[in-house]
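Asker: Next input, structure requested:
(3 chains)
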Amino acid sequence: MTMTTPPDAAVVTLLTDFGTVDHFVGAMKGVVLAIAPRATLVDLTHGIAPQDVRAAAFALLAAYDVFPAGTVHVAVVDPGVGSERRPIVVATARHRFVGPDNGLFSYVLDREPDARVFHVTGSHFFRHPVSATFHGRDVFAPVAAALAAGAAPEALGAPIADPVRLDPLHPQADPHGHLRAAVLHVDRFGNCVTNLTREHLPHGLAPDGAVLEVNGRTVSALRRFYAEAGGNAAEVFAIWGSSNFLELSANRASAAALLGIGPGDPLLLRPAGASEP
Amino acid sequence: MTMTTPPDAAVVTLLTDFGTVDHFVGAMKGVVLAIAPRATLVDLTHGIAPQDVRAAAFALLAAYDVFPAGTVHVAVVDPGVGSERRPIVVATARHRFVGPDNGLFSYVLDREPDARVFHVTGSHFFRHPVSATFHGRDVFAPVAAALAAGAAPEALGAPIADPVRLDPLHPQADPHGHLRAAVLHVDRFGNCVTNLTREHLPHGLAPDGAVLEVNGRTVSALRRFYAEAGGNAAEVFAIWGSSNFLELSANRASAAALLGIGPGDPLLLRPAGASEP
Amino acid sequence: MTMTTPPDAAVVTLLTDFGTVDHFVGAMKGVVLAIAPRATLVDLTHGIAPQDVRAAAFALLAAYDVFPAGTVHVAVVDPGVGSERRPIVVATARHRFVGPDNGLFSYVLDREPDARVFHVTGSHFFRHPVSATFHGRDVFAPVAAALAAGAAPEALGAPIADPVRLDPLHPQADPHGHLRAAVLHVDRFGNCVTNLTREHLPHGLAPDGAVLEVNGRTVSALRRFYAEAGGNAAEVFAIWGSSNFLELSANRASAAALLGIGPGDPLLLRPAGASEP
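Answerer: You can find the predicted model right below:
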C-alpha cells in the first residue's frame, strides 16, 4: 500500500442520509477533528434518501476510487442503529471504509475482490457514552478518525467473511436472450444511470447493435456528448456515463422526466431487429 | 484551557441561515482563509430557516461540544444586521463563539455558567468598508479568523454582563404537577426532539413511569433503539436522543408526520394513571 | 503577485450546477486532493440552476475577490461538455480561474481588465480516460489542482484573445434618458440584486434623487439597514447590498415575492418627478 499523504493528513470522506439542515454531519466532523486534527474532510453526499442503503452503495461506488491512497470513507445510512447489526471496516489496497454492516459497501466489495472486512469490536475507540441513535458520531466517526490517524484495521476487530451483500448490479438474461436491466440512479440533471456496461453492448446501439425498451419507448441513438443531440431537448438518447455505465439522457432536459422513469425501473436491451416480447 | 491544535490550524465552524445556493457562505470562508490560512472550516448547518434565532441556538447547543479545544464557532442568524445590535464573542474554557447579540448563544450560555461575553468594538479587525447587509463577511468572519489565529477575546472589546437571552429550554410544571414540555426541533427523519431530560423521567414511561400527551394522542412506549419497534412504522414511541433529550420517533417513518406536530408544539408529561386535565 | 499561502496549501474553490445530492462534487474534490493533497477546498455554491451560466458568472463575481492571493477558482456549468468548446484558464494578478469557455468568467473579466486567458490544451494534465460527460472530474479538477500545486498558466496552453463573453451587467439608457436596469439575482431571503451601482444614483432615491419602477410599483425609499424599515414587512425598499449593487429588499420578508419578480426582470430608474413613459 502506498500512502501519498502522511497519516495525520489523511482524507476522510463522509456519506450519509442525514441531510445538511440538521447538525448531524457537523457533529461527526467535530469528532473526527478532535481525534485527527489534520484530517481533510470531504462530503461525498448527505442527500441520500432516508434509509436508502442501495442508493448510498451506488454513490460510494461512483466516487471512491478517485480519492488518494490512504483515504478513509465513512458511510452512515443506518436504519439498524442501536441494534445488534455490526459496525465494520472494509480495507482495500488503497482505501478504508467504515460503516454499518447492511450492504453499504456491497458494490465496492464486488469491484474489490481482495478487500478484507473487519467487525469493529474495539469499543475503546468509540465516543462514550455511545448513544442509541447516532452511531455516526459515537462509533463511525471516531473509528474513521482512528484509521485516519494511522490505526490498522486489525486493531479494531476480527476479520469476518460474511458481510451483508446487496444483489449485484449486473443485468440478467431473460429466456429470449435479451438483457433485463435497471435504472440504478437518476442524477440532478435527469440522466438515468443504468446497470449496462460496455461488455453488454459489443456492437453499440442500432443500426448495428441493440435497442433499449423503456416504459413503452425505444431508445436507439448512442450519442458521444450531450450537445451532439442539438436543440431537440425532447430526444432521449444513450451515452456512456462517467461511471462507465450506459446512461439515458437528453440535451438540457431531464431524460427521467421525458421517459417517466426513476431508480429501480426496468429496461430491456434487445437486438435492433427483435420486437418486445 | 488545553489547546489540542496549534492556533494556525484552529477549527472554525460556521452556522447560518444563508442556505447554500447563494455565495454568502463561500465569501465568509474566503475572508477567514485570507486571515487564517490554515484554519479548518466546518459547516454546522446553513439550513436554519431565515431569521430563526431559536433554531440556530438549538443547533449550536447540539453540536458545539464535540469539537476540539480551540474551536471558534461563528454563527450568523442576524435580522438586526446593520443596526445597533452588538457583535459579541462568547468565551468558554474550550471554545469561542462569534455572532450577533440576539440570543444565538443562549443555550450554550445556559450550559456554560463560567462563560465570559465580550462586546466586539475593535473595528480594526473588521473588513472595510463594512457593508450594512453582510456582517457575516465583514464583521463576524474576520473576528472569527482573528480568534482562530490566536487573538484573545479581551483584545476585541470589553466584557459585558447582559447578553440577550432566550427563554430557557426546560419544561414548566403546571398546577396539577404535570410538566408542560415542548418540541424543540424536528429533524430530517421526523424525530421530534423535546425539552425533557432524564431528570424529568426518573421512572421512565408507563407502566412504571409517566405518559406523554401530544396532539390528542398518548405515547407510553420508551424504546431503546429505532428498530426495536419492528415493522410497525405507525407506532410512535419515545427514545433517548443523541443530545440527551427525549425524542418522539417511529421506525423508518416520521413521528412528526404521524403526530401532526412541529417545532414549538406542546406536550404534557403526566403520571400513567392520571388523565389529561 | 503576492502569494500569502505556500503553493501546496492553495485554496481551491468550487462552483457548479451539480447540486449536492449526487457524488459529482465529491469526485472533483477527490481528484484535486490526489494531485494537491494540501489544497484547502471551499464550496462557493453547487446550487446554480442546471446550465445557468449567467447565474454562475454572477456568483463568481460576488465571491471571488475576498479569497487570498493564490486561490484557484474552478467553475463548472457546462452544457457543452464533451463538445469542442474550449477549456480555459483565466489568470489575474491574484487568482486563477478554470472552467469551460462559455461566458462563466465574463463578469470577472469585465472587472479585471489585465486578466490573461489561456486555452488549456495540455491534456497530460487531465485524468484519463477523459469521459464525455464529466469534465469537472476529468479536466477542470486536475487542471485546478495543477495550478494549486504551482503550475504556471502558460504551461497549460496558449493565450487567447477571444473568450466567450456575456452581455455586460450595466443598465442601458433609454430614449428618455432613463435607465433600463434588470434583476441580476434573487437570494435566499428574497432580496433582488439589481445591476445599478452608486454611479447610477448620484443623488440617491426620492425625494432628492430617482425612483424605481418595477412590475407596476414604485420604490422610492433607500434604507440604510433592513431593520430600519421596522415592523412593516410589506414595505419594499432599496438598499446598497454587499456586492455594491442596489438591492430591493423587505424587512424579514421576500421583496421578490412582494414584487412578483425574479432574475432577468426589468426595472426602470427615472427622476422622481418624471412619470413612467
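
Asker: Which of the three states applies to A:Val25?
Answerer: helix (DSSP: H, G, I helix; E, B strand; the rest coil).

Asker: Help me confirm that it comes into contact with A:Phe18.
Answerer: Yes - if you go by C-beta atoms under 8 Å, A:Val25 and A:Phe18 touch, sitting 5.4 Å apart. For glycine as for every other residue, the C-beta is placed from the backbone atoms N, C-alpha and C.

Asker: hey, what's in contact with both of these two?
Answerer: A:His46 (C-beta atoms under 8 Å, 6 or more residues apart in numbering or on different chains).

Asker: Compute the number of surrounding residues for whatever residue of chain A ends up closest to chain B.
Answerer: Nearest residue of chain A to chain B, counting by C-beta to the nearest C-beta: A:Gly82, 2.7 Å away. For A:Gly82, the neighbour count with other C-beta atoms under 10 Å in any protein chain shown is 19.

Asker: how about it, what does it touch?
Answerer: A:Ser131, A:Ala132, A:Thr133, A:His135, B:Arg224, B:Phe225, B:Tyr226, B:Ala227, B:Glu228.

Asker: Just those: which are in helices?
Answerer: Using DSSP state H, the members of the contacts of A:Gly82 that fall within helices are A:His135.

Asker: May I see the ChimeraX selection of the buried members of the contacts of A:Gly82?
Answerer: ChimeraX command restricting the contacts of A:Gly82 to the buried ones, with burial defined by 16 or more other C-beta atoms under 10 Å in any protein chain shown:
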select /A:131,132,133,135 /B:225,226,227
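
Asker: Nearest to chain C among the contacts of A:Gly82?
Answerer: Ranked by distance to chain C (C-beta to the nearest C-beta), these are led by A:His135 at 21.7 Å.

Asker: Per-residue confidence at that closest one, what does it come out as?
Answerer: pLDDT, A:His135: 97.

Asker: Could you look up the SS state of the closest residue to it other than its chain neighbours?
Answerer: The shortest distance from A:His135 to any residue other than its chain neighbours is 5.1 Å, reached at A:Val81 (C-beta to C-beta, 6 or more residues apart in numbering or on different chains). Here A:Val81 is recorded as coil under three-state DSSP.

Asker: can you list the residues of the stretch 101-250 of chain A near chain B?
Answerer: Within the stretch 101-250 of chain A, the residues that sit near chain B (C-beta under 8 Å from any C-beta of the partner chain) are A:Arg127, A:Ser131, A:Ala132, A:Thr133, A:Phe134, A:Arg137, A:Asp138.

Asker: ok, so what distance separates the closest residue to A:His23 other than its chain neighbours from A:Leu44?
Answerer: Among residues not flanking A:His23 along the chain, B:Ala63 sits closest, at 3.9 Å (C-beta to C-beta, 6+ apart). Per C-beta to C-beta, to the nearest Å, B:Ala63 is found 20 Å from A:Leu44.

Asker: More neighbours: these two, which one.
Answerer: Taking neighbours as other C-beta under 10 Å, B:Ala63 and A:Leu44 compare with A:Leu44 leading, 29 against 26.

Asker: In contact with that one, which residues?
Answerer: Counting by C-beta under 8 Å, 6+ apart, A:Leu44 has contacts A:Thr13, A:Leu14, A:Leu15, A:Ala59, A:Leu60, A:Ala63, A:His73, A:Ala75, C:His23, C:Gly26.

Asker: do that again at 6 Å, thanks
Answerer: Going by C-beta atoms under 6 Å, 6 or more residues apart in numbering or on different chains, A:Leu44 touches A:Thr13, A:Leu15, A:Ala63, C:His23, C:Gly26.

Asker: Same check on A:His119?
Answerer: Residues near A:His119 by C-beta under 6 Å, 6+ apart: A:Arg86, A:Ile88, A:Gly157, A:Ala158, A:Ile160.

Asker: ChimeraX command to pick out the buried ones of those?
Answerer: Here is the ChimeraX command that selects the buried residues among the contacts of A:His119 (16+ other C-beta under 10 Å):
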select /A:86,88,157
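
Asker: So which of the contacts of A:His119 sit within strands?
Answerer: Among the contacts of A:His119, the members falling in strands (DSSP state E) are A:Ile88, A:Ile160.

Asker: now the contacts of A:His119 as CSV including distance to B:Asn195 and pLDDT?
Answerer: Supplementary listing: these in CSV, determined by distance: C-beta to C-beta, whole Å; pLDDT from 0 to 100:
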residue, distance to B:Asn195, pLDDT
A:Arg86, 34, 97
A:Ile88, 36, 98
A:Gly157, 38, 97
A:Ala158, 42, 97
A:Ile160, 42, 98
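
Asker: Would you mind listing what in the stretch 151-277 of chain A touches chain C?
Answerer: Contact residues (C-beta under 6 Å from any C-beta of the partner chain) of the stretch 151-277 of chain A with chain C: A:Asp187, A:Arg188, A:Phe189, A:Arg224, A:Phe225, A:Ala227, A:Gly241, A:Ser242, A:Arg252.

Asker: Lowest-confidence entry in those?
Answerer: Minimum pLDDT across these is recorded for A:Ala227, with 89.

Asker: Output the residues of the stretch 101-250 of chain A next to chain B in JSON lines, with distance to B:His176 appended to each entry.
Answerer: Below are those laid out as JSON lines (distance: C-beta to C-beta, whole Å):
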{"residue": "A:Arg127", "distance to B:His176": "40"}
{"residue": "A:Ser131", "distance to B:His176": "32"}
{"residue": "A:Ala132", "distance to B:His176": "31"}
{"residue": "A:Thr133", "distance to B:His176": "31"}
{"residue": "A:Phe134", "distance to B:His176": "34"}
{"residue": "A:Arg137", "distance to B:His176": "38"}
{"residue": "A:Asp138", "distance to B:His176": "38"}
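
Asker: nearest to A:Thr40, of these?
Answerer: Set against A:Thr40, the nearest of those by C-beta to C-beta is A:Arg137 (19.3 Å).

Asker: Count the residues that sit near that closest one.
Answerer: Neighbour count of A:Arg137, defined by other C-beta under 10 Å: 27.

Asker: any idea whether it is helix, strand or coil?
Answerer: Secondary structure, three-state DSSP: A:Arg137 is helix.

Asker: What residues does it make contact with?
Answerer: Residues near A:Arg137 by C-beta under 6 Å, 6+ apart: A:Ala27, A:Met28, A:Val31.

Asker: contacting residues around the residue nearest to the second one when sequence neighbours are not counted?
Answerer: Spelled out, that is A:Met28. Leaving out its chain neighbours, the residue that sits closest to A:Met28 by C-beta to C-beta, 6+ apart is A:Ala141, at 4.2 Å. In this structure, A:Ala141 makes contact with A:Met28, A:Val31, A:Val32, judged by C-beta under 6 Å, 6+ apart.

Asker: if we can go back for a sec, I'd like the contacts of A:Leu44 as JSON lines, with pLDDT appended.
Answerer: Output for the contacts of A:Leu44, formatted as JSON lines (pLDDT from 0 to 100):
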{"residue": "A:Thr13", "pLDDT": "98"}
{"residue": "A:Leu15", "pLDDT": "98"}
{"residue": "A:Ala63", "pLDDT": "97"}
{"residue": "C:His23", "pLDDT": "97"}
{"residue": "C:Gly26", "pLDDT": "98"}
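
Asker: Taking these together, which two end up most distant?
Answerer: Among the contacts of A:Leu44, A:Thr13 and C:His23 lie farthest apart (C-beta to C-beta), at 9.9 Å.

Asker: Show me where the stretch 101-250 of chain A has its strands.
Answerer: A:116-119, A:159-160, A:172-173, A:179-186, A:192-194, A:210-214, A:217-219, A:237-240, A:246-249 (DSSP state E, counting those that start in this stretch).

Asker: can you list the ones you listed in TSV and add distance to C:His119?
Answerer: Listed next are the strands of the stretch 101-250 of chain A as TSV, based on distance: least, C-beta to C-beta, whole Å:
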stretch	distance to C:His119
strand A:116-119	47
strand A:159-160	52
strand A:172-173	47
strand A:179-186	34
strand A:192-194	32
strand A:210-214	37
strand A:217-219	35
strand A:237-240	25
strand A:246-249	27
